[in-house]
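*Asks:* Here you go, sequence then predicted model.
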Amino acid sequence: MTEYPVLPNSPDALAPLVAQGRIPARRVWGMLALRSGLSFALLLTLAAAFAAAGRSGTVAASAAWWLWFVTAANVACIVAMVRFGKVEGLRLRDIFFARRDTWKGDLLWTAVALAGTAVFAMAPGTVLAGALWKDPTAPNPMLFQALPLVAVYPLFVIMPITQALAELPTYWGYVAPRLRAAGTNRWVVIGLVGAVLSLQHLFFSFQLDWRYDLWLALKFLPFALWTGFLVDRRPTVLPYLMGAHFLLDATLPLLVFLVSTGRPLA
């Protein structure tokens, strides 16, 4: 996978643990499904509570809280990675592929990563929205809904931090190397894990609108596959991708804040 010594969290290093049964398949598949499953369960639970209270439009009203669902899933993923890493003899920094001695090469890969991210992160969603609604901004009011301000302020801190520590590491730092260690082809892993990474957004903010749900499920697919390719080729670029992810997601609470205070997004 790399030109430098085998990393503790690499497929080669993990393969003996898989063979010994110390990394059961159910753990890996459970981690792959954790973010989608937990956030969707929270969305449906809140929708049921709204329905019991006699509120209309319960699913859409519940979806307004999606940043909190994501934050809860982030915390669950971080706790799980710490726990499972300890069982497997790894530190969290190992799952993050954090190393000091590769930084020069990592910076070059980071420049490549950022160039690709500029293309893959936002443009596909805009193009897809234009194709589905003839208006690239049409899904924004569904995605960003007003919340009580007391529920928005904590998100400025906890959401981007936990997101950076959880999302890409869960998929590319934990799940992908273990699927590879179990013998799955690298391109199958990138395609499968990347598809789930993209699809999870459907479960974060699901609503009863097929165009919106299709948009959520597919808009980040190119970006997901791009990050998977990068980490497969250069695992130690993951911490730098986490930093970029933090900066990107730090804007999400701001958008909810603007909507919650009656200000336009554009």
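*Replies:* Looks like it arrived, so ask away. Numbers count the residues shown, from 1 in each chain.
*Asks:* mind listing the helices for the stretch 51-200 of the chain?
*Replies:* 58-63, 66-87, 92-95, 103-120, 123-133, 140-143, 149-152, 155-168, 176-181, 186-204 (DSSP state H, counting those that start in this stretch).
*Asks:* List the contacts of the last one.
*Replies:* Contact with helix 186-204 is made by 32-33, 35-37, 39-40, 43, 66, 69-70, 167, 171-172, 175-176, 179-180, 184, 213, 216-221, 223-225, 227-229, 232, as judged by C-beta atoms under 8 Å, 6 or more residues apart in numbering. Yep, even glycine has a C-beta here, placed from its N, CA and C like the rest.
*Asks:* next helix or strand past that helix?
*Replies:* Next helix or strand after helix 186-204 toward the C-terminus (DSSP states H and E): helix 210-218.
*Asks:* name the helices or strands packed onto that following helix?
*Replies:* With contacts defined as 3 or more C-beta pairs under 8 Å, 6 or more residues apart in numbering; DSSP states H and E, helix 210-218 has these neighbours: helix 123-133, helix 186-204.
*Asks:* centre of the chain versus the first one, how much separation?
*Replies:* Averaging C-alpha coordinates over helix 123-133 and over its chain gives two centres that are 20 Å apart (C-alpha atoms, centre = their mean, to the nearest Å).
*Asks:* Mind giving me the packing neighbours of it?
*Replies:* helix 210-218, helix 221-233.
*Asks:* and Thr236, what pLDDT?
*Replies:* pLDDT, the model's per-residue confidence, is 96 for Thr236.
*Asks:* That one: how many residues sit nearby?
*Replies:* Neighbour count for Thr236, taken as other C-beta atoms under 10 Å: 21.
*Asks:* I'd guessed it sits against Lys104; true?
*Replies:* No: in this structure Thr236 lies outside contact range of Lys104 using C-beta atoms under 8 Å: 10.8 Å.
*Asks:* Would you mark the buried spots in the helix or strand of the chain with the lowest mean pLDDT?
*Replies:* Of all helical and strand segments in the chain, the minimum by mean pLDDT, DSSP states H and E falls on helix 103-120, at a mean of 90. Of the residues in helix 103-120, Asp106, Trp109, Thr110, Ala113, Gly116, Thr117, Phe120 count as buried by neighbour count, 16 or more other C-beta atoms under 10 Å.
*Asks:* coming back round to it: in PyMOL, select just the buried ones from the contacts of helix 186-204.
*Replies:* The PyMOL selection below is limited to those of the contacts of helix 186-204 classed as buried (16+ other C-beta under 10 Å):
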select buried, resi 32+35+36+39+40+43+66+69+70+167+171+172+175+176+179+180+184+213+216+217+218+219+220+221+223+224+225+227+228+229+232
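*Asks:* Most tightly packed of the helices of the stretch 51-200 of the chain?
*Replies:* helix 176-181 (a mean of 24; mean count of other C-beta atoms under 10 Å).
*Asks:* Can you spell out which helices and strands pack onto it?
*Replies:* helix 11-19, helix 186-204, helix 221-233.
*Asks:* I'd like these as TSV, with distance to Val256 appended.
*Replies:* Below are the helices and strands packed on helix 176-181 laid out as TSV (distance: least, C-beta to C-beta, whole Å):
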stretch	distance to Val256
helix 11-19	38
helix 186-204	13
helix 221-233	21
